[in-house]
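Peer 1: What follows is a predicted structure for the sequence shown.
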Amino acid sequence: MATTITDYLDVRERARQLNLPMVAEFSILPRSFSTAASESDLRHENDASTVRKLFTQAGLDAQMLEPPQRLPASVEKSVEWIAPTIFIGSMLWSQNQYAVQVALNVLSSYIFNFLKGRLPTGKVRVSFVIEASKSKTFKQLTYEGPVSGLTELAATLRQLRDE
């Protein structure tokens with residue numbers, strides 16, 4: 001199990017640079033969001049729309065950050081399940097203090113059922129971009145490990161929010 005935390009660029013400013021809609025407090029970011037030269041370089045992870053639907057069913061209003069036309073999905077063969085990057089704005093915590101834990105539970109349940117019998121290692125990779133409420137900076141937490149470790153990330157995500 002490995003968790004890494006790195007600085008990340010201003011998500012809202014980056015969306016403006018790529019001519020994307022205004023970023024919601026709970027959003028699914030496209031792949032290459034931080035490095036794309038233009039919106040044509042953006043792709044969503046293969047299961048991004050499924051993850052959004054599951055969040056919505058759980059009562060979480062998740063935005064798929066994309067231009068008016070849908071972005072293509074990126075499909076890769078891998079020995080691990082790669083989740084879309086999830087942005088959590090600083091205001092989400094005050095609007096719904098349980099949203100992050102619900103999102104982690106939804107992801108964990110989905111991935112557990114998805115991986116059942118498919119991947120022998122049951123390894124996942126998921127990234128969260130957190131907006132710190134005090135410093136107004138952005139941090140990326142990337143988790144690689146077993147599905148069971150996902151639900152334990154809530155405290156670390158909250159610490160990043162409080163910076």
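Peer 2: Structure's in. What do you need? Numbering: from 1, shown residues only.

Peer 1: helices and strands of this protein: which one has the lowest mean pLDDT?
Peer 2: Every helix and strand in the chain was compared by mean pLDDT, DSSP states H and E; the lowest is strand 80-82, with a mean of 71.

Peer 1: so after that strand, what's the next helix or strand?
Peer 2: As assigned by DSSP states H and E, the chain's next helix or strand after strand 80-82 is strand 85-88.

Peer 1: Show me what that following strand is packed up against.
Peer 2: Applying 3 or more C-beta pairs under 8 Å, 6 or more residues apart in numbering; DSSP states H and E, we find strand 85-88 packed against strand 26-29, helix 99-115, strand 123-131. Just so you know, the C-beta spots here come from the backbone N, C-alpha and C atoms, and that holds for glycine as well.

Peer 1: Report the separation between the spatially most central residue of the chain and Glu144.
Peer 2: Most central in the chain under C-alpha atoms, centre = their mean is Ile86, positioned 1.6 Å from the mean C-alpha point. Shown here: Ile86 relative to Glu144, a distance of 15 Å by C-beta to C-beta, to the nearest Å.

Peer 1: who's in contact with Ala154?
Peer 2: For Ala154, the contact set (C-beta atoms under 8 Å, 6 or more residues apart in numbering) comprises Val100, Gln101, Leu104.

Peer 1: Alright, calling it a day.
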